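Student: Predicted model follows, preceded by the sequence.
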Amino acid sequence: MAKTHVTMKVNGAEVEGLVEPRTLLVHFIRENLLLTGTHIGCETTHCGACTVDLDGMSVKSCTMFAVQAQGAEITTIEGVANADGSLSALQEGFRMMHGLQCGFCTPGMILRAQRLLQENPSPTEAEIRMGISGNICRCTGYQNIVKAIQYAADKINGVEFKEAAE
Amino acid sequence: MIPGPFSYHRPATVADAVKLLSTLGEEARPLAGGHSLVPMMKLRLATPEHLVDLHGIDGLKGIRREAGRIVIGAMTTQHQLLASDDIAKSLPILHETAMLIADPQVRYMGTIGGNVANGDPGNDMPALMMTLGASYRLEGPSGGRDIAASEFYQGAYFTSLEPGEILTEISIPTPAAGHGYAYEKLKRKVGDYATAAAAVVLTMAGGKVASCAIGLTNLHETPLLAVDAAKLVIGTSLDAATLKKAAAAAEAIMSPAADARGPVEYRKHVGGIMVTRALTRAAGRAS
């Protein structure tokens, strides 16, 4: 099968590659770009571990082809830390609130939560739970993930977050 | 899970897309949001030789007004429907339904055109479109035509689309001011298809139902309009006896599949409950 040349911007850097049309975006990200922070979980569009940010949308990168991302701007977990290398508010929230145990779902959770907070900077607990309903975690029971996102929202909004992790 | 090989096409106009689909023949499939088709391709349940990606066609996106109607481009995503203030005000049932489809990530990609056109009996929009009296615009090699949503569905994954045709627009008559509405969907978890779902749009006058349409999702191989149930409630105040009769009339036309969502009897039973709840909630919202 003939390969197609694709270019896109990933974490601020212009990247390119040759892909078969059937190459999934997540495989391009992991295997061509060697950015392995984006995880492959269920491979059936359910679990959200492969979530990346693409042109302002949270997308499951196992359910689109790399050729469809031609010209797109993508952020993966490797691109979310602050410019000086310190943790972003969300990364800090997940650390402080114990928002992860095994960590497998965390890259997808953080990318999804980042987009959620950009669209809704002060979400209610219910809005957070609905907002991350496309991401499955099998360790935490979600309680501390919700708190991690509340922590980040408060930090971004300049409010002190007073709750402790469960 | 890697799909079978295919060649990828990204036309810029509807005419080019139609030409590609007609020329490439049966092994070509249009690609909208891809969140039904791509998973099927990964499982090799679908092995198209050509994908015609509709994302490059600007004319298929957006929401506009025509005299007495709201016209939605087929490639408008569920997320865009949810972000539209116009839809929230004029067609709130579309908002309510879109919120119950899949999950946030899928709603960024999933399109209303794909949802109504692929003929999956589990999809939520088809029964709603029938309830709203919507029509679809189809463009094909021999020109364009309009078809009522209620005439479009012929069987599971089997619609009135002819080879080479693409569904380009959905045209919905603006519901009456003060109408009541509800979409009630029973599902096992976020992201699941309906075990049973019912859409109701009605108007009330002097405490009695003046007009009513009821649609049913995933309770037959096609979406259904529960015409007899809707007739039964007109002129009533939706008292308990009427609700019971309406639910029974709706259950009489249901023939769901027995699957992991439950046996036939259960799905019909909860289908009746969805009808009752949707009628009650819609009436409470009517003014």
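Tutor: Looks like it arrived, so ask away.

Student: Residue in chain A with the shortest distance to chain B?
Tutor: Of all residues in chain A, the one sitting closest to chain B is A:G134 (3.0 Å; C-beta to the nearest C-beta). The C-beta positions use only the backbone N, C-alpha and C, and glycine is treated the same way.

Student: Nearest residue to the residue nearest in space to the middle of chain A in space, please, no chain neighbours.
Tutor: Centroid-nearest residue in chain A: A:L111, 2.2 Å away (criterion: C-alpha atoms, centre = their mean). Once flanking residues are discounted, A:L111 sits nearest to A:T51: 4.9 Å by C-beta to C-beta, 6 or more residues apart in numbering or on different chains.

Student: Verify the contact between the one you found and A:I136 for me.
Tutor: No - using C-beta atoms under 8 Å, A:T51 makes no contact with A:I136, being 10.9 Å away.

Student: Among those two, which residue is more densely surrounded?
Tutor: Legend: neighbour count by other C-beta atoms under 10 Å in any protein chain shown for A:T51 and A:I136, higher for A:T51 (33 against 21).

Student: Need the residues that contact stretch B:156-167.
Tutor: B:14, B:17-18, B:21-22, B:25-26, B:30, B:54, B:74, B:113, B:116-121, B:136-141, B:147, B:151-154, B:221-222 (C-beta atoms under 8 Å, 6 or more residues apart in numbering or on different chains).

Student: how about a cut-off of 7 Å?
Tutor: B:14, B:17-18, B:21-22, B:26, B:30, B:74, B:113, B:116-121, B:136, B:138-141, B:147, B:151-154, B:221 (C-beta atoms under 7 Å, 6 or more residues apart in numbering or on different chains).

Student: Chain B contacts on chain A?
Tutor: Remark: the part of chain A in contact with chain B comprises A:1, A:4, A:20-22, A:43-46, A:48, A:51, A:57-60, A:63-64, A:67-68, A:131, A:133-134, using C-beta under 7 Å from any C-beta of the partner chain.

Student: If we use 8 Å, what do you get?
Tutor: Contact residues, chain A versus chain B (C-beta under 8 Å from any C-beta of the partner chain): A:1-2, A:4, A:20-22, A:24, A:27, A:43-46, A:48, A:51, A:57-60, A:63-65, A:67-68, A:112, A:116, A:130-134.

Student: Filter these down to just the buried residues.
Tutor: In terms of neighbour count (16 or more other C-beta atoms under 10 Å in any protein chain shown), the buried residues within the residues of chain A next to chain B are A:4, A:20-22, A:24, A:27, A:43, A:45-46, A:48, A:51, A:57-60, A:63-65, A:67-68, A:112, A:116, A:130-134.

Student: Strands - which of those land there?
Tutor: Of the positions in those, A:4, A:51, A:57-60 sit in strands, assigned by DSSP state E.

Student: Which pair of these spans the longest distance?
Tutor: Maximum pairwise distance among these (C-beta to C-beta): 25.0 Å, between A:T4 and A:S58.

Student: Would you mind measuring from B:A74 to B:G33?
Tutor: Counting by C-beta to C-beta, to the nearest Å, the separation of B:A74 from B:G33 is 10 Å.

Student: Now the common contact residues for the two.
Tutor: B:111, B:114.

Student: Who has more neighbours out of these two?
Tutor: B:A74 (28 against 25).

Student: Tell me who's in contact with the more buried one.
Tutor: Contacts of B:A74 (C-beta under 8 Å, 6+ apart): B:32, B:54, B:60, B:111-114, B:117, B:166-170.

Student: How about the contacts made by the closest residue to chain A within the stretch 51-200 of chain B?
Tutor: Of all residues in the stretch 51-200 of chain B, the one sitting closest to chain A is B:D103 (3.0 Å; C-beta to the nearest C-beta). Shown in contact with B:D103 (C-beta under 8 Å, 6+ apart): A:48, A:133-134, B:190-191.

Student: ok, of these, which one's closest to A:F161?
Tutor: Ranked by distance to A:F161 (C-beta to C-beta), the contacts of B:D103 are led by A:S133 at 22.6 Å.

Student: so how far is B:T97 from the closest one?
Tutor: A:S133 is 16 Å from B:T97, where distance means C-beta to C-beta.

Student: surely A:G37 meets A:T76?
Tutor: Yes - if you go by C-beta under 8 Å, A:G37 and A:T76 touch, sitting 5.9 Å apart.

Student: Tell me which of the contacts of stretch B:156-167 fall in strands.
Tutor: Secondary structure assignment by DSSP E places B:30, B:136, B:138-140, B:147, B:153-154 of those in strands.

Student: Using PyMOL, define a selection of the buried residues within these.
Tutor: Of these, the buried ones go into a single PyMOL selection, burial set by 16+ other C-beta under 10 Å:
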select buried, chain B and resi 30+136+138+139+140+153
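
Student: Now narrow the ones in strands among the contacts of stretch B:156-167 to whatever sits close to chain A.
Tutor: Of the ones in strands among the contacts of stretch B:156-167, not one also sits near chain A (C-beta under 8 Å from any C-beta).

Student: Quick one: name the residues of the stretch 51-200 of chain B near chain A.
Tutor: So far as C-beta under 8 Å from any C-beta goes, the stretch 51-200 of chain B lies against chain A at B:51, B:53, B:55, B:79, B:102-106, B:108-109, B:190-191.

Student: Low-confidence regions, the chain specifically.
Tutor: In the absence of a named chain, this looks at chain A. For chain A, the stretches flagged by pLDDT under 70 are A:1.

Student: Could you break it into its assigned domains?
Tutor: As given by automatic domain parsing, the domain ranges for chain A are A:4-79, A:89-156.

Student: related to what we said a few turns ago, next up, the contacts around the residue of chain A closest to chain B.
Tutor: So A:G134 contacts A:48, A:51, A:58, A:60, A:112, B:102-106, B:190-191 (C-beta under 8 Å, 6+ apart).

Student: One more: A:K147?
Tutor: A:93, A:97, A:99, A:163, A:165-166.

Student: tell me which residues of the longest helix belonging to chain B are tucked away?
Tutor: For chain B, the helix that runs over the most residues, judged by DSSP state H, is helix B:264-285. Residues of helix B:264-285 classed as buried by neighbour count (16+ other C-beta under 10 Å): B:267-268, B:270-279, B:281-283, B:285.

Student: re the thing from before, which of the residues of the stretch 51-200 of chain B next to chain A lies closest to A:I156?
Tutor: Nearest to A:I156 among those, counting by C-beta to C-beta, is B:P104 at 19.5 Å.
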